[in-house]
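Peer 1: Here is a sequence together with a model predicted from it:
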Amino acid sequence: MSKGIFISFEGVDGAGKSTHIQGLAETFRQQGRQVTLTREPGGTPLAEKLRHMVLNDAMDPLTEALLMFAARRSHIQEVIQPALVRGDVVLCDRFTDATFAYQGHGRGFDLAVLSQLEQWVQGHADGLLEPDMTLWFALDPAIAAQRLAAARVPDRFESQPQAFFAQVHAGYEARALASPGRVVRINAAQSRHQVWQQMTQVLVRRGWLSIMVPVPAALTPP
Ligand code: TMP
């Protein structure tokens, strides 16, 4: 069904993935690929409205999980699937692993129900639409919290206590263990240059990037 490459990026808030996603988009374009750079929740006008709600309005965990999947459905149908059919590299800042980590492990929502929703939203004739690779920016939640505190005004998730992020981190660990062929652990405690090197080496080994991968301007100084 797909000629493109679907890569998602995951990690607790403050793990530092956003700068690297920008840098990777630039690098893929330099190497002649069409890139769709997108995020979840969000990526379509409807999903961006849902994003605003889930990041700001009080709601119970089931409502939160349903809105995440509603946003995902719109995003897959309008953006991700067409881009993959065109042959784009789709770089997606968070995808379904975030729902398992945040709503499942963080909020304690039933993982079996999330799997059911995943089937409804991502299921198709050939199986389940999943990223070809997920780069998990793994970082001690205490360090992530320090980085975040210095960075911006927190939203509904970012303002959660550290114990919540410890559970989210454990959730990502469980997802990585369950899908070792898809999820690649990136040590996000390293310097930005080292993270970049580790990430691009993985993509070179998969044959998605050529050997020459200069550090993008956005990542200097380290
Ligand atoms: P961002 O700040 O990385 O753009 O992500 C928005 C927040 O939404 C982040 O705190 C994680 C959270 N989130 C979930 O709780 N469940 C999900 O399924 C997704 C995609 C994000």
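Peer 2: Received, thanks. Numbering: from 1, shown residues only.

Peer 1: If you count neighbours, what's buried in the lowest-mean-pLDDT helix or strand in the chain?
Peer 2: Here the helix or strand of the chain ranked lowest by mean pLDDT, DSSP states H and E is helix 141-151, holding a mean of 84. For helix 141-151, a neighbour-count test (16 or more other C-beta atoms under 10 Å) marks 141, 144-145, 148 as buried. C-betas here are computed from N, CA, C, even on glycine.

Peer 1: Over to stretch 35-55?
Peer 2: For stretch 35-55, a neighbour-count test (16+ other C-beta under 10 Å) marks 35-44, 47, 50-51, 54 as buried.

Peer 1: Please state the mean pLDDT value computed over that stretch.
Peer 2: The average pLDDT for stretch 35-55 rounds to 98.

Peer 1: Quickly check: that stretch near the ligand or not.
Peer 2: Yes. Stretch 35-55 is in contact with the ligand by C-beta under 6 Å from any ligand atom, via 39-41.

Peer 1: ok, back up a step: what's the most distant pair in the buried residues of stretch 35-55?
Peer 2: Using C-beta to C-beta, these span at most 26.0 Å, a distance reached by 35 and 54.

Peer 1: give the contact list for residue 110.
Peer 2: Taking C-beta atoms under 8 Å, 6 or more residues apart in numbering, we find residue 110 in contact with residue 104.

Peer 1: go again using 10 Å as the cut-off
Peer 2: Contacts for residue 110 (C-beta atoms under 10 Å, 6 or more residues apart in numbering) come out as 61-62, 65, 103-104, 116.

Peer 1: re the thing from before, so which of the buried residues of stretch 35-55 is the closest to the ligand?
Peer 2: residue 40 (3.8 Å; C-beta to the nearest ligand atom).

Peer 1: Which residue is the nearest non-sequential neighbour of that closest one?
Peer 2: Spatial nearest neighbour of residue 40, chain neighbours left out: residue 94 (4.6 Å); criterion: C-beta to C-beta, 6 or more residues apart in numbering.

Peer 1: measure the one you found to residue 196 for me?
Peer 2: Here residue 94 is placed at a distance of 19 Å from residue 196 (C-beta to C-beta, to the nearest Å).

Peer 1: Looking at these two, which is more packed in?
Peer 2: When residue 94 and residue 196 are compared for neighbours, residue 196 comes out ahead with 25 against 22, by other C-beta atoms under 10 Å.

Peer 1: Touching, the more buried one and residue 22? I think so.
Peer 2: No. Between residue 196 and residue 22 there is no contact under C-beta atoms under 10 Å: 11.4 Å.

Peer 1: which residues does the residue sitting nearest the centre point of the chain contact?
Peer 2: In the chain, the residue lying closest to the centroid (C-alpha atoms, centre = their mean) is residue 94, at 2.0 Å. For residue 94, the contact set (C-beta under 10 Å, 6+ apart) comprises 8-11, 17, 38-42, 68, 72, 101-102, 134.
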